[in-house]
Structures are given as structure tokens and as C-alpha cells.
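Peer 1: Just need the structure, nothing else, for what follows:
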Amino acid sequence: NGFDVLEPSMIHIGSFFTFFIRLFTLVCIWQCRMFVDNDIVRKGFLVTIFFAVFFGFWEFLSKMSGYIIPFPSSILYNCPNSGIVIGELYTGANQALGERMRMSSLCSEASYFGVFLSASFWSCFSMQNNRLKFIYLPLILLAVVCTLSGAGIIALGFGGFVYLMFGKKDYSFFLKIIVIIV
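Peer 2: Presented below is the predicted three-dimensional model:
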């Protein structure tokens, strides 16, 4: 009926390893919850942003070069409807040709990546005593633009509004709830 055939592929192996890494991470966090401090969480967050932006720009350069620069989408993507495939248009999220030029990094769709980057931007912006944020902030903004995501731009604006309204006052609990929702 026009659906994809269910067969083993590199995508399934990548999905298994992604699931295993996430499960292993949760077990480690649970086992070490008494020893985890804010500095460890902050460093882990920055490393996550670095890898997401790195793979995002790698994917984007691959698309913009006409796939001359190879990108291992068959290994990295968990969802067969995401990312790039040479000479083939997927249905669903990548149905339009314009979708092929959007940066989605390791997310299933460019809008998800745009919203993740917007939340990451305001989280980095609010970090104190971190010199790396002045490198991260322009890269994250450029990546948000490369996603061509309306949701990412709206989330960036909404995050700025929330930060201006609640970030300077003693609404830290309320701000955390809004950041989690966004």
C-alpha cells in the first residue's frame, strides 16, 4: 500500500544504540544522583549542544554542497523520514523540496531542532561565569536560522520574552517550569 518495507538496516542498529546510550545514561544518573552537581550538568549540557550543532552544520554543508561532503544519515538518523537521502524525497516531514535544505541535525525534523536550539540559546545566555557562552551564542543563532524553522524563531522570541519578564526577578521556580514547557 505504498508503505516502506520492514527490513533490517543501519537505521535500526542506530536506533538500538541510541536507545542503549539513553538507557545507560539514565541508569548512571540514577546511580550517581547524590554526587551530581550543577557543574556536571552544565558541562553535559554544553557538550550536548556542541555535538548537536556540529552534526547540524555537517548535515547542512552536505546538503548545500549537493552531497559532495558525505553525511552518514543512514547511521545517525533514528527515523527513516528524517535527514537527507541522495536522489530520493521522503514523504511526510520531508515531502517538500525546501525541506531538504533545512538543518535538522540528529532530530527527526528541523522544527524540533529549531526549538531545541532556542531553548539552548536562552539557557546558555543565562549561564553565569562561562566564557564559552560567547562562542556558543552566535553559533546557536546561526543554526536556528539554518533550520528555517518558524517554530524555532517563535520559541527564540518567546524565550526572550520569558527571560526579560522573569529572569531578573526571583521567579526562578516559575522560570524553570516555563523553560521545561517550552
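
Peer 1: where exactly do the strands run in this protein?
Peer 2: Applying DSSP state E to the chain gives no strands.

Peer 1: and the longest helix for it?
Peer 2: helix 38-64 (DSSP state H).

Peer 1: Report the buried residues of it.
Peer 2: Buried residues in helix 38-64, counting neighbours by 16 or more other Cβ atoms under 10 Å, are found at Leu46, Ile49, Ala52, Val53, Phe55, Gly56, Phe57, Trp58, Glu59, Phe60, Ser62, Lys63. To be clear about C-beta, it is placed using only N, CA and C from the backbone, and glycine gets the same treatment.

Peer 1: Tell me the one of those nearest Gly160?
Peer 2: Ile49 (17.9 Å; Cβ to Cβ).

Peer 1: Show me the shaky parts of the protein.
Peer 2: Applying pLDDT under 70 to the chain flags the ranges 1-16, 18, 33-38, 74-100, 166-179, 182.

Peer 1: mind listing the helices for it?
Peer 2: Assigned by DSSP H, the chain shows helices spanning 10-31, 38-64, 73-76, 110-125, 133-147, 150-166, 172-181.

Peer 1: what's the angle from the second one to helix 133-147?
Peer 2: So the one you mean is helix 38-64. 40 degrees (axes from the mean of the first three to the mean of the last three Cα atoms, to 10 degrees).

Peer 1: just checking, what packs against helix 38-64?
Peer 2: On a contact count with 3 or more Cβ pairs under 8 Å, 6 or more residues apart in numbering; DSSP states H and E, helix 38-64 meets helix 110-125, helix 133-147.
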